[in-house]
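# my questions concern the predicted model and sequence given below.
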Amino acid sequence: MATPIFESIQSQLGSLATASSVSHGTLVVEIAPAAISGLVQTLKSACKFDMLLDVTAIDWPGRQPRFDVVWHFYSTTHRVRARVKARVPESDPVVDSLTQHYGSAAFQERECHEMYGIRFNGNADLRPLLLYEGFVGYPLRKDYPKLGEQPLVPYREGFDIADRAGV
Amino acid sequence: MDMKIPNPVRPAFTIPQRDDTVIVNIGPSHPATHGTIQIIAELDGEKILRTDVHCGYLHRGFEKECEDHTWHNLIPYVDRLNYCSALINDFAYCDAVEQMMGVEITPRTKYLRTLLAEYSRLADHLTCIAATLMELGAMTAFLYLVMIRDYIYEHIADLTGARVTYSFGRIGGLARDLPDGWLKRLEQILTQYEEFIGRVHGLVDRNRIFIDRTRDVGVLTTADAIHWGYTGPILRSTGAARDLRKDTPYLAYAELDFEVPVGIKGDNYDRYYVRMREMDESVHMIRQLIDMLPAGPINVDDRRCTLPPKPLVYGEIESLINHFKLIMDGPRVPAGEIYVAHEGANGELGFFLVSDGSGTPYKVHVRSPSFVHMGGAHKMLDGYQLADLIPTFGSINMIGGECDR
C-alpha cells in the first residue's frame, strides 16, 4: 500500500514514537503514555490525520504495565490509518485526553473509561455512558466475570404469573 | 411498588441557565427518539438550548461475550449490530479475520459479497428514509419504500433463510450459493424500486412541508463533521466526497463504476437526498455486479477455516477430526491485531480484532458509526426547535444495536 506516505509520516514523528511499523496497511506507532499530546499535535497538523476514529484499550493481565490504550486515526488527505498504542500500568492508568483536538474523543473516552478504568486527564465528563450510574467494576477487564450480575432493579422473588389468584 | 428505583443516568445539567427556561427529559422510550435513546434538553419555549444525549439502553455486553466464543460463532452476534444491513457487518468481520489468517476469498464470493453489501445498503437507506418520512407524516412515501424493502427482505430470505439477521457470512466464504432464479427476481425488484423511488421523488422532493421541516435544519459543516468523527452519508451531506469504497477500495469496489453523491449544506434535506442518490448508485453497482459475477466455488479450499465436505467427514478420520477441531476449538487465527473498516450504511464500520493465536478472539472492538455520531449529535440539535429533533434524529439513523453493543 501507500508506503512512501508512511515513511514520510514516520520521519515526521521522529523521536516521539518508541517504535513504529506497518501492519495490514495500517501505520502502528508505539509511544510512552506521556507523549500522546505532543504526538497528536504533530499527527494532526503536520501529518494531516484529521479524524479520530476510535479509542479503546487492551487488557493483558500479568503483563507490566497491564493495559494498552489504543487510538485509531484516519487522514482524509492521505487516506491512510494510523494506530497509536501506549502502555499504562494498572496502578495509575492515566493518559491525556484528546478532547481538545478531536470532538469525537469525548464519547469514546467515556466508553473506554467505564469499560477499562482508563482515566483521561482533561476530559471533564467521564460519566458512565453505555453502563449506568453506580455500576461497580470495569466489565471489559479480563478479571471481570462474564456472568457477573448487578441489576439496577432487584429481581422480584417468587413472582410467577401462574401463582396469582384468579388468573 | 413503593421501592425507589435509582436513576440510571446522571444528567450533565440539572439547573436551568436562565429563570425562563425549562429542562425536559425525552426518552429513552419515546416515539420522537426513533430508537432507545434518552435526550435531556434545556428548552427556551420551543427552542432547544443544549442537550445531553444518553445511549446504552441496548447495551448487552457484545464485546465481552465475543471473548468467550470461537471466531466463527461470532457471526450471529455481529449480525445484530446494524440489523438494518446485517450482511455488511458479516462481511466486514469476516474480511478482518480473513486478512489476519491470510485467506484470499474466491472470485465468486468477492463479487457476491459486494453485490449483497450494496443490496443491504439499499435496504438500510430505504428503512431510514421511510421512517424519517413517516415521522413527518408522509405515510404514502413510507408505504412505497417499506414495500420495496419488504420485497428485498423476502428476497434475501430466499437466499439466507432469514429476513433480518442472516448469519450468512463465513470465514473464507459464504453459507451457500445463490438459489436458482435469484438473480432474475433481483432484476424485477430493482425495476420496481426504480418505479416507486420515482414516485417518492415526485411526492417529497419539492413538497413545501417537507422542505420547511428539513431545509436548513440540523446543519453540520464539513469541519465540524470531521472534528466529531462523522462518516458515511452524514459527512457526505456536508459536501465532502469521503467514501471508503472509493478512498480505500475493498472487495470488488475498485472495478465498479459509481459516483459518490454529496450534499451542499449538510442539513436534513441533504441527508435525505444523499441517501436517495446513494440508493441509485447501489442499484447501478448491483446491475454491474450481476454481469461480472463469475462461476466457481463459494468457499476457499483451506482447512484452517472451511469445514470439509460432509461425505469426507463421514468417510475418513482426518476430515472428521478437522471438522471436530474447527467446531470445538474454532479456526486458529495468528496472533496479532488488525483494524479493518468497511463503508457501512451509516458510515465507517470498523472491526479492531486482537488474537492471541487461539480459536477464540482475545478482544473484539467495534467502531460503530452510530455510537460516534451520537457523540456529536448535539451539534445538529442545539439551536433548533424541539420539533426539529424528529427529522434530525431520523436523518442521523441511529441504530441501537451497533450504538450500544
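Looks like it came in fine.
# residue of the stretch 201-350 of chain B nearest chain A, please.
Closest contact between the stretch 201-350 of chain B and chain A, by C-beta to the nearest C-beta, is at B:Gly229 (2.9 Å). For the C-beta atoms, the positions are set from N, CA and C on the backbone; glycine is no exception.
# wait, doesn't that residue sit right on B:Met374?
No: counting by C-beta atoms under 8 Å, B:Gly229 does not reach B:Met374; the two are 10.4 Å apart.
# those two: which is more packed in?
B:Gly229 (28 against 22; other C-beta atoms under 10 Å in any protein chain shown).
# just give the nearest non-adjacent residue to the residue of the stretch 201-350 of chain B closest to chain A, would you?
Closest residue in space to B:Gly229, ignoring its immediate chain neighbours: A:Ser104 at 2.9 Å, by C-beta to C-beta, 6 or more residues apart in numbering or on different chains.
# then A:Phe135?
A:Pro128 (6.0 Å).
# residues touching that neighbour, list them.
For A:Pro128, the contact set (C-beta atoms under 8 Å, 6 or more residues apart in numbering or on different chains) comprises A:Arg110, A:Glu114, A:Phe135, B:Val9, B:Arg10, B:Gly56.
# quick one, helices of chain A?
A:3-13, A:36-45, A:105-116 (DSSP state H).
# for chain B, see how far away the residue most central in space within chain A is.
Per C-alpha atoms, centre = their mean, the C-alpha nearest to the average position across chain A is that of A:Thr56, at 2.2 Å. Distance, A:Thr56 to chain B, by C-beta to the nearest C-beta, to the nearest Å: 5 Å.
# my guess is that residue meets B:Phe351, correct?
No: with contacts counted by C-beta under 8 Å, A:Thr56 stays clear of B:Phe351, the gap being 11.6 Å.
# shared neighbours, the two?
What both A:Thr56 and B:Phe351 touch, as defined by C-beta under 8 Å, 6+ apart, is the set B:His365.
# nearest to chain A within the stretch 251-400 of chain B, name that residue for me.
Closest contact between the stretch 251-400 of chain B and chain A, by C-beta to the nearest C-beta, is at B:Gly375 (3.1 Å).
# that residue touches A:Phe107, doesn't it?
Yes: the pair B:Gly375 and A:Phe107 passes the contact test of C-beta under 8 Å, sitting 3.1 Å apart.
# what segments of the chain are strands?
Assuming you mean chain A. Assigned by DSSP state E, chain A shows strands spanning A:19-23, A:26-31, A:51-59, A:67-75, A:80-88, A:94-96, A:119-121.
# actually chain B
According to DSSP E, chain B carries its strands in the segments B:22-26, B:38-44, B:47-54, B:169-170, B:173-174, B:336-343, B:348-355, B:363-367.
# alpha carbons of the second one, as CSV, please.
Output in CSV follows, covering the C-alpha atoms of strand B:38-44 (Å, rounded to 0.1, in the frame of the first residue of the first chain):
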residue,chain,number,x,y,z
GLN,B,38,-32.5,9.5,26.0
ILE,B,39,-32.1,13.2,25.5
ILE,B,40,-32.1,15.7,28.3
ALA,B,41,-32.7,19.1,26.8
GLU,B,42,-33.0,22.6,28.1
LEU,B,43,-35.7,24.5,26.3
ASP,B,44,-36.4,28.2,25.8
